[in-house]
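Asker: Need a 3D model of the following:
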Amino acid sequence: MLDNLVVEASRPNNLHLDILDGDALRLRAASTLGKTLEREPGVNNLSYGPGVGQPVIRGLSGPRVRVMQGGMGVHDASTMSPDHAIATESLLADRITVERGPATLRYGGSAVGGAVNIEHQRIPDKILENGIEGRTEYRFDHNNNEHAGMVGVDLGHDRVAVHLDYFQRGNQDMRIPGAALDESAIIEQFRIRPERNRSGKVENTDGDSQGGSAGIAWIGEQGRIGVGYYQMTKDYGVPPGVPGHGHADVDGTGAPGESVRVDMEQQRYELEAELFAPMPMIDNVVGKLSYSDYRHDEIDRGQPFTRFDNEVLESRVEVDHGLAEWLTGRVGFQWQDRDFSAVGVETFVPASAIDNLGIFLTEAVEPIDGVKLEFGLRQEWQHTVPEARTLAIPGIRGSTPLPKQLTHSPFSVAAGLELTPIDGGVVYFSWQRAQRAPEVQELLSAGPHLSTRTFEIGRLDLNNETSWHHELGLRFDNALWSLDASAFWKPVDNYIVLENQGFFFNFAPDPPRPQAECANLQSCLPVFAYQGRDANFWGYEANISLHPDYAWGSPHLTLFSDFVRGYFKESGAGDVPRLPPLRFGFEVGLQRGGWQSALRYTRALRQHRPGLNETETPAYDRLDLDIAYTLDWTDGKTLMVFGKASNIGDSSIRNATSFLRSFAPEAGLSLQAGFRAQF
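Answerer: Presented below is the predicted three-dimensional model:
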């Protein structure tokens, strides 16, 4: 699409960085971060209905993809479970970056799969020439009757700059082609036929969110200092079919239908300070401090049954240095103090305090023209202190004593080589040995997780996950055509995976107990346990684009494809579950004057390697059309009017990365329209 040209033009200095901004971001901004980024090379959307969508980078997500706002973690509960929404709003973003490779060392083990950073002007970093700038945006989606809008303003006088913004979004139930439940897949996995199905829409997928931010900064010749505040609330429904929750008319009582909902809120306070070239060989010093107070209630038919709380204090200091013209780098440290708790029926992870400290160094050496060497290293120390002294699994006699503290010390190192044999062409190789400490839910889970339809069991003896990443890439760009391709091979020692164990936990008996079969979907959960298994991953991303420039306009044709394959080394262990299938397609578009248009076709193959005790997803075809017109006035004033038609063929799409794929497909035909004005 149009964004391909933006991404390619924005990557000269970091070949592992994709940038989404400008008109491309405005066209692709969606209700979730995963949906916004799903067209990026190697990025998929882990959807959980229209209210939740997490980015999947080369098959990795959750605790392996660090999502940040302004370079600091979002600190919600999204890494714990795919049904937890990311506490961000794409309408407020000025730019979104997706980063892979050696540079992710600076973000720690939670970025072994990649890092996504949502950038904004919440804490201003410049003084406006005209003293005031503003923007407003509105969009409508006919599929679920979604209305979304924002307004933002930046003010500046002398050395003081101020930022204010606000957004609001609301939608009704998502419309789909065909039936919501894939009955054959549910029978295969749960060994029972569902008692109720619904065609045409997915019930209980309505939602609304609102929030905004404010920031102020003092900006001088030697540096700047500023503070910011952000608040977001969101209420969204979990698609029907969750075991443990009743359905209308199943028991003949005529009671209201299932309405499991998530009511979340986050407040975030930020402080930033920066020094510009404070001394010789020191180019920049940046210090950041953030405090996030997050909570969400999971509500069953109007009554709260579990509350999740996540309070995080994070600090970060980075120093950019130039020791010589040919030697530049960055050194820094990051500290994070986290208090997590889950109280109520669905307390599948005990309350814990997690402390993490990391130090890192990255360097770039350019000994001769056309040759660049990069290397980096990072050491972390993580301490997890559970409040409970024992861990009991419901329905099983006895309990497991918990240590006072679990300690992990991951160490990571990376290197890269870039060669520029011809103008516009770069060949690069990167190598990375990255370690990740296990997350609290991977260590301490013990109980029902109703929103993902699982009964989860952690492992106290999990060690660091160690991945050995090798990547070879080629990039070329000139006035007529461009190529961007890479292939990777990644063996992983002790890959921490949540595996379906092939039996169930039945809540109907008293006391509840594990067993091989279930009487109905409402009383049973499949048992999933965290395991550490050695695995191999390999895959690629490739884009080739023709973009000639004529007097009458600029057409483009892009061919694209990406793929990731993961399997366990142990005989009989099968494939890594919940990976996206091979996808490929083309895009044809035209830019002429203020007009932009693009027609994109995507083909995703059947995922026939879903993992043990998992179900396959069928192939699908998808066609999307984007059209926009931008009117430029004087003094930077612009008006962009756009329309989008997504999934034009109304295809039934089951997302292979989602726990929810058998219960809720992706949205059907969606017609969207909106505008963005800057003044």
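Asker: so how far is residue 400 from residue 271?
Answerer: 41 Å (Cβ to Cβ, to the nearest Å). The way it works is simple: take the backbone N, C-alpha and C, and place the C-beta from them, glycine included.
Asker: Tell me which stretches of the stretch 401-550 of the chain form strands.
Answerer: 406-408, 411-422, 425-436, 446-449, 454-457, 465-477, 481-506, 513-515, 524-546 (DSSP state E, counting those that start in this stretch).
Asker: helices or strands next to the first one in the packing?
Answerer: What it means is strand 406-408. Contacts defined by 3 or more Cβ pairs under 8 Å, 6 or more residues apart in numbering; DSSP states H and E place strand 406-408 against strand 371-386.
Asker: Partner strands of the strand it packs on, with direction?
Answerer: With DSSP bridges as the test, strand 371-386 is paired with strand 352-365 (antiparallel), strand 406-408 (antiparallel), strand 411-422 (antiparallel).
Asker: Could you export these as JSON lines, including distance to residue 26 and mean neighbour count?
Answerer: Shown next, in JSON lines, are the strands paired with strand 371-386 (distance: least, Cβ to Cβ, whole Å; neighbours: other Cβ atoms under 10 Å):
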{"stretch": "strand 352-365", "distance to residue 26": "32", "mean neighbour count": "18"}
{"stretch": "strand 406-408", "distance to residue 26": "42", "mean neighbour count": "17"}
{"stretch": "strand 411-422", "distance to residue 26": "32", "mean neighbour count": "16"}
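Asker: Can you tell me, leaving aside adjacent residues, what's nearest to residue 353?
Answerer: residue 385 (4.6 Å; Cβ to Cβ, 6 or more residues apart in numbering).
Asker: now swap in residue 410 and tell me
Answerer: residue 435 is the one closest to residue 410 (Cβ to Cβ, 6+ apart), at 3.4 Å.
Asker: Was I right to think the one you found contacts residue 464?
Answerer: Yes - taking Cβ atoms under 8 Å as the definition, residue 435 is a contact partner of residue 464 at 4.6 Å.
Asker: shared neighbours of the two, which are they?
Answerer: The contact sets of residue 435 and residue 464 overlap at 109, 410 (Cβ atoms under 8 Å, 6 or more residues apart in numbering).
Asker: In contact with the residue nearest to residue 410, which residues?
Answerer: Contacts of residue 435 (Cβ under 8 Å, 6+ apart): 109, 112, 380, 410-412, 464-467.
Asker: can you check residue 312 too?
Answerer: 73, 75, 290-292, 294, 336-339.
Asker: So for it, what's the pLDDT?
Answerer: The model reports residue 312 with a pLDDT of 97.
Asker: pretty sure it belongs to a helix, no?
Answerer: No - Residue 312: not assigned to a helix; according to DSSP: H, G, I helix; E, B strand; the rest coil it is strand.
Asker: quick one: it and residue 405, what's the gap?
Answerer: Residue 312 is 19 Å from residue 405, where distance means Cβ to Cβ.
Asker: I'd say residue 578 and residue 655 touch.
Answerer: No - contact between residue 578 and residue 655 fails when scored by Cβ under 8 Å: they sit 9.3 Å apart.
Asker: Which parts of the stretch 101-250 of the chain are strands?
Answerer: Using DSSP E, counting those that start in this stretch, strands in the stretch 101-250 of the chain cover 114-119, 132-141, 146-157, 160-171, 174-179, 199-202, 207-219, 223-237.
Asker: Let me have these in TSV, extended by mean neighbour count.
Answerer: Supplementary listing: those in TSV, determined by neighbours: other Cβ atoms under 10 Å:
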stretch	mean neighbour count
strand 114-119	23
strand 132-141	17
strand 146-157	19
strand 160-171	19
strand 174-179	19
strand 199-202	16
strand 207-219	20
strand 223-237	20
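Asker: looking at those strands, which is closest to residue 628?
Answerer: For residue 628, the closest of those is strand 132-141, at 11.9 Å, according to Cβ to Cβ.
Asker: Give me the packing partners of the closest one, helices and strands only.
Answerer: For strand 132-141, the packing partners by 3+ Cβ pairs under 8 Å, 6+ apart are strand 146-157, strand 670-678.
Asker: For the longest one, the averaged confidence score.
Answerer: Here strand 146-157 scores 95 as its mean pLDDT.
Asker: That one: partners in the sheet, and parallel or antiparallel?
Answerer: Applying DSSP bridges, one finds strand 146-157 paired with strand 132-141 (antiparallel), strand 160-171 (antiparallel).
Asker: Now do the contacts for residue 179.
Answerer: 197-199.
Asker: oh, I was asking about residue 124
Answerer: Counting by Cβ under 8 Å, 6+ apart, residue 124 touches 154, 156, 161-163, 215-217, 219, 226.
Asker: Kindly report the same for residue 436.
Answerer: Contacts of residue 436 by Cβ under 8 Å, 6+ apart are 63-64, 109-110, 112, 410, 464-465, 467, 496.
Asker: of all those, which comes closest to residue 126?
Answerer: When the contacts of residue 436 are compared against residue 126 (criterion: Cβ to Cβ), the nearest one is residue 110, at 30.3 Å.
Asker: which stretches of the stretch 551-679 of the chain form strands?
Answerer: For the stretch 551-679 of the chain, applying DSSP E, counting those that start in this stretch gives strands covering 554-568, 583-592, 595-604, 620-632, 638-646, 670-678.
Asker: Out of those, flag the one nearest residue 422.
Answerer: With Cβ to Cβ as the measure, strand 554-568 is the member of these nearest residue 422 (22.0 Å).
Asker: Now the closest one: buried residues?
Answerer: For strand 554-568, burial by neighbour count (16 or more other Cβ atoms under 10 Å) applies to 555-556, 558, 560-568.
Asker: Widest-spaced pair of those residues?
Answerer: Greatest spacing in the buried residues of strand 554-568, by Cβ to Cβ: 555 and 568 (45.7 Å).
Asker: Can you name the residues bridging to the closest residue to residue 495 other than its chain neighbours?
Answerer: Of all residues not flanking residue 495 in the chain, residue 535 sits nearest, at 4.1 Å (Cβ to Cβ, 6+ apart). Note on residue 535: beta-bridge partners by DSSP bridges are residue 492, residue 568.
Asker: so who does residue 535 touch?
Answerer: Each residue near residue 535 by Cβ under 8 Å, 6+ apart is listed here: 491-492, 495, 497, 566-569, 576.
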